[in-house]
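Chemist: From the sequence below, what's the structure:
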Amino acid sequence: MKSLTFDQVLVLKKAVQEKFGVNVHFHDYCSSQAFSLDVPNKEIQAFIEQYFEQQKIRAVFNDAGTDFVLE
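Modeler: Prediction:
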């Protein structure tokens, strides 16, 4: 699993908020991090995948399209 700094999380949240008006929720656990959306959205999912692809990080979404982790 890939972990982000809090500053990196804030940049992601701001980018999604500005482009889509949607909040990305950040969940920080002792051994990992996860992110979630309130509702699935293929356009937002594609944006997040491309956003991280540029950083050589893979965003892996669950089947519902609401939660993702980074690899």
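Chemist: For the chain, which helix extends over the most residues?
Modeler: helix 6-20 (DSSP state H).
Chemist: partner strands of whichever helix or strand comes after that one, parallel or antiparallel?
Modeler: Using DSSP states H and E, the helix or strand that follows helix 6-20 in sequence is strand 25-28. When sheet partners are counted by DSSP bridges, strand 25-28 sits next to strand 33-36 (antiparallel).
Chemist: Which SSE is immediately downstream of the partner strand?
Modeler: helix 42-53.
Chemist: Show me what the one helix or strand V69 maps to is in contact with.
Modeler: Assigned by DSSP H and E, V69 belongs to strand 67-70. Contacts to strand 67-70, defined as C-beta atoms under 8 Å, 6 or more residues apart in numbering, come from residues 1-4, 32-37, 45, 48, 52, 57-62. Quick note: C-beta positions are derived from backbone N, CA and C, even for glycine.
Chemist: Let's see that with 6 Å instead.
Modeler: Identification of contacts with strand 67-70 by C-beta atoms under 6 Å, 6 or more residues apart in numbering yields K2, A34, F35, S36, I57, A59, V60, F61.
Chemist: Next: stretch 52-62.
Modeler: By C-beta under 6 Å, 6+ apart, the list of residues contacting stretch 52-62 reads K2, Q45, I48, E49, F68, V69, L70, E71.
Chemist: How far does it stretch from one end to the other?
Modeler: Criterion C-alpha to C-alpha, to the nearest Å; first-to-last residue distance in stretch 52-62 is 16 Å.
Chemist: Mind listing what's buried along that stretch?
Modeler: F52, A59, F61 (16 or more other C-beta atoms under 10 Å).
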